[in-house]
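# got a predicted model here, sequence first, then my questions.
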Amino acid sequence: MSAIEEGFVLKEHLPALIVVVPMVVAAAVAMTRNNRVAWAASTIVTWALFVFSAMLLAEVTNVGEISYSLGGWPPPYGIEYRVDIVNALILMLVSGIGAVVMPYALRAVDKDIHAGMHPWFYCTYLLCLCGLLGMTVTGDAFNIFVFMEISSLATYVLIALGRRREALLSAYQYLVMGTIGATLYVIGVGLLYIVTGSLNLSDIAGRLGPAMSDHSRSVMAGIAFIFTGLSLKLALFPLHFWLPNAYAFAPSFATIFLAATATKVAIYVFLRLYFSVFGAAISFSQFPVVEVILVLSLAAIFTASFLAIYEDSIVRMLAYSSVAQIGYITLGVAIANKAGLTGSIVHLVNHGLMKALLFAAVGAIIFRVGTDKLSKISGLGFKMPVTTAAFVVGGLSIIGVPSTVGFVSKWYLGVGAVNAGLWPVTLAIMVSSLLAVLYIGRVIEVVYFNPVCERCVKVKEPPLSMLAPIILLAIATVYFGLDTSFTGDIAIKAAEQLLEGLKQ
Amino acid sequence: MSLTCLLSSELILAAILIPFVASIIIPIFHRAPNCREAVTLISALALLVVVTDLVPYILSGARPEVLDLDVVSGLGISFKVEPLGMLFALVASTLWIINSIYSIGYMRSHNEPRQTSFFVCFAVAISSAIGLAFSKNLLTLFIFYEILTLSTYPLVSHKGNNAARRGARVYIILLLGTSMIFLLPAILVTYNITETLDFTPGGILEGKTDNATLAILLALFVFGIGKSALMPFHFWLPSAMVAPTPVSALLHAVAVVKAGVFTVLKVVIYIFGIDTLSSSGQADWLIYFSSVCVIAASLIAIRQKNLKARLAYSTVSQLSYITLGASLATATSITGSVMHIVMHAVAKITLFMCAGAIYVAHNKTEIEELDGIGRLMPVTIFAFFVASLSIIGLPPFGGTWSKWFLAIGAIDSGYYFVVAVFMVSSVLNVIYLIPIVSAAIFKPLPGTKDGEAIKLKEAPLACVIPICLTALGCLIMFFVVDELYNFIGLIDFNVGVGTGQ
Amino acid sequence: MQVFEIVASYYNYAITIFLMLSGLYIVIAHGNLVKKLIGLALFQTAVYLLYISSAKIIGGSAPIIDERFAVYSNPLPHVLILTAIVVGVGTLALGLALVIRIHEAYGTIEEDEILKDMDKSEYCGRKVEGHQ
């Protein structure tokens, strides 16, 4: 009886637990002095979070939206945690990636992080996870800021823990940029609070319309501040300069996790505010918001893809590719019809998957060879066949080859663009994937066609604990590319829900 | 031999999975080449059995289908066998066996590196060709189309040197590029107009859109299907000739290029519908355009000094025949096109295998080096001669009939100049193929005197036997045309009509 | 007279904007990593002011419910800013810690000297960001 009751209570408080559990365990992990214990605790927590997210998703699909009042204070006075199909999917992505890559950490962290620092590393990792999940789950504008800062501060530390001294400067610069972004966001929230008197997102959505008629300038300024701040966080072109250095010098485990999740959560917040709050309250058609996003997205796709082509370091190449792929996601926002937005949401998840795969594969290469320079890993395809094959799978997905997840995203974006009658955009999506062929093709040529270099002669596959997540992610990349009854259907429902509120 | 225990749906899946499973098993026998080759041969044989077993279903008017996997909402991978795809699958699987034997001979006697990956990619390519043949909708076809491109990329770049790398680059960028920039948007637009991508007899675009859109869509499709090597997107084919000859033979005379024209035919018959296309008159430009391609490619072929390059341009020209037949959009011309897929496949694979045999036995690739070589390898050169006649379209060889039906189709629809194009092209075929044979037979072998006894030096038996088989095939095709004609007649050209015409 | 009224009623915003811009300017213009952090802190402090000044209600008392008072100041922004201050302090502390580590690693905290030191490495984006 009591077990059932406990289960019931647990289920009731899931939205809070998903934030509280990693936070508490992070503190506990920081106090241990044993590296293995720290790792084991983090692994258990991340998998538990994954289960929690799955339960939340199941609950949301079966029952509908969940509203949870933190501390029993009812919204809009208290902080509301609100889970619907959109953020349930993001929770799944973040916690899923966080859980799947944990085995990878075992050896990668051993190599990258000074032995005495492991518990601290896992502590910051859990805090980062906590912040990201919190940003996703909360329905309160200021609470988003708090969690954003929790995750950001943890991220700066994770990056700074990189072995090379450049990591410190990357972390510092990211700290400056990130803080400016977060502060701009909080200025925007403040302005909106002044005119609406509320911080609860759905409450703001309700009050913004009337406020707009009296204080249109303050509202517009607030929205502009919020979007600019978030753009910095999600690395929307041209505010992406912090990203390549941050990814390149962070420990490889941190890079995998951050690349797959951090920018995605920022994009989720962007989507949520854009559609459910601002889009629901005021009509964007009188301002050139859509046009601006469209132009910036296309600029991101092309500029970053070109930069990726000329990179010698694979990590940096992938980082630029991330900027380009974020362009695809925001492109779907600009298209703003059902198919286009579905493309955005599905790409949010798919890009998380494939970038985790790619960074994990490169991390394994760095683990064995000690470098990610294209010029120094020639012929690696014959020494690390599984890792490089997994990299190729991820690369094909970036290109958008059918039977990988990348194709699914591109299909929806394409359908959306055609539906909206945006022919040049359709063409741009297709042409840009050809740029991806160029930068992925370079890697393939080097690892498979060049003679095995001196450095790589004695190289072998990474240990199984690293290989297993890579293989798992590669299988997921193909599986969700062939059978989208899970990701695709949820994304469609999510897009429908977001568009429902949008005022024309 | 018949697998009565299997349902038609299981047969379809088996046909796609057999080569795919083979590609997984082959690497296991990395260190045991004999076992590895046995896997290839057994799976090729099994594939042929399975594919042949599907024929009775088609003959009895059934169109078995299987699988419905959602790739995007409401659209996904599913298979359905119809006569056109059946025929393509039959051609591909039959020639895979012959080519496998040839490959083994070629690769071993030439001591090629990385043979395992060669056979793996080959099996994947065949698997995707079969999947493409049995596609129920355009999306499935597109998926397999791209997998075919990707799986053949390692084959083209097999040699790994700079030339191979350059060739492979052109290959992948042109094929992926055209399919992404033209074909995928064409599919998206079609989907946007019709909300379905199923191959439907009579087409799905009828009455749904205006003529201008039809013309644009047709252009996007024919240029987007880069594998059909319509000019100006044909460069990948000569570039792909850096591949080992068995690859050129099976993939770039049969599986890949025929997948291209097969896709064109599928699109014309089941997406546009031949009535919609011919009555709208929007395919007229394509008739003229592909006529130009037929002649132009033949003219370029004459100037080629390298044997494989000449054959490649010959393929470009012959593929344009098929596109031409499709653009005429009558039942007869399409019959001619489909027949040409078969006839040209048999003849061109023979030619390529001969070129490979010459390379294996004497390490010669340029046409001017072939003087008098017929005395050293009479069987090969004779087979080359037979296949050349079939390409030219002379009786008693298969190529006669396909050109015949194509010409009849042109006359039926009133495009008399197309007949002239065929005539001129045949003359050009004679000009670029026959001198090779005559030089090989009549010119003296360099370094020998007349009357001197010359020791025969053919390629290994594993190479010669397949060549003889396909050359014989060119002959047999001439006599079994009735069956072929009737089979093609089963294609459902119109809505609700089961047997076409 | 009207101008005076506007100034009188909105001067808190003017101060906020001034502080904000000075902070941002320092972050961009100064090459010294510590000075950059000072600018950043100034920038954040301006935001505190924005919130707090908006919470003041003329004639309002401290928000403790009592029969004698009808008008209270809004307590919520104060609470929010308490959180924001904590975040700001955390950021500043982490930033300074990083500067110490950078000083250990490079022997300087002048950005252009660090970047000069790294000319040979593949650290990118320095010209684009305009820090030089």
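Yes, it's here.
# I figured residue B:83 hits residue B:487, correct?
Yes. Using CB atoms under 8 Å, residue B:83 makes contact with residue B:487 at a distance of 6.1 Å. Any C-beta I mention is one placed from the backbone N, CA and C, and that applies to glycine too.
# now for the two: what residues contact both?
residue B:58 (CB atoms under 8 Å, 6 or more residues apart in numbering or on different chains).
# mind checking pLDDT for residue B:2?
What the model reports for residue B:2 is a pLDDT of 52.
# which residues does residue A:252 contact?
Per CB under 8 Å, 6+ apart, neighbours of residue A:252: A:108, A:112, A:359, A:362, A:363, A:366, A:367.
# could you flag which of the residues you listed are buried?
A:108, A:112, A:359, A:362, A:363, A:366, A:367 (16 or more other CB atoms under 10 Å in any protein chain shown).
# show the contacting residues for the fourth one.
Spelled out, that is residue A:362. Residue A:362 touches A:252, A:314, A:315, A:318, A:372, A:391, counting by CB under 8 Å, 6+ apart.
# closest to residue B:343 among the buried ones among the contacts of residue A:252?
Nearest to residue B:343 out of the buried ones among the contacts of residue A:252 is residue A:362 (CB to CB; 49.6 Å).
# what's the burial count for residue 265?
Chain wasn't specified; assuming chain A. Residue A:265: 28 surrounding residues under other CB atoms under 10 Å in any protein chain shown.
# looking at chain B here, not the other one
Number of residues near residue B:265 (other CB under 10 Å) recorded here: 24.
# from memory it sits against residue B:333, does it?
No. Residue B:265 is beyond contact range of residue B:333, at 10.7 Å (criterion: CB under 8 Å).
# and residue B:312, how close does it get to residue B:84?
Per CB to CB, to the nearest Å, residue B:312 is found 25 Å from residue B:84.
# the more surrounded of these two?
More crowded of residue B:312 and residue B:84, by other CB under 10 Å: residue B:312, with 29 against 25.
# pLDDT of the strand or helix carrying that one, averaged?
Applying DSSP states H and E as the criterion places residue B:312 in helix B:307-328. Mean pLDDT, helix B:307-328: 88.
# and that helix, what does it pack against?
helix B:236-239, helix B:245-250, helix B:256-266, helix B:284-303, helix B:331-362, helix B:399-412, helix B:416-442 (3 or more CB pairs under 8 Å, 6 or more residues apart in numbering or on different chains; DSSP states H and E).
# in three-state terms, label the one residue in chain C that gets nearest to chain A for me.
As assessed by CB to the nearest CB, chain A sits closest to residue C:105 within chain C, at 3.9 Å. Classification of residue C:105 using DSSP: H, G, I helix; E, B strand; the rest coil returns helix.
# list the contacts for the closest residue to it other than its chain neighbours?
Spatial nearest neighbour of residue C:105, excluding adjacent residues (CB to CB, 6 or more residues apart in numbering or on different chains): residue A:165 at 3.9 Å. Contact partners of residue A:165, counting by CB under 8 Å, 6+ apart, are C:102, C:105, C:106.
# can you give me the strands in chain A?
Counting by DSSP state E, one finds strands in chain A at the ranges A:66-69, A:80-83.
# quick check: which of those strands is buried the most?
strand A:80-83 (a mean of 23; mean count of other CB atoms under 10 Å in any protein chain shown).
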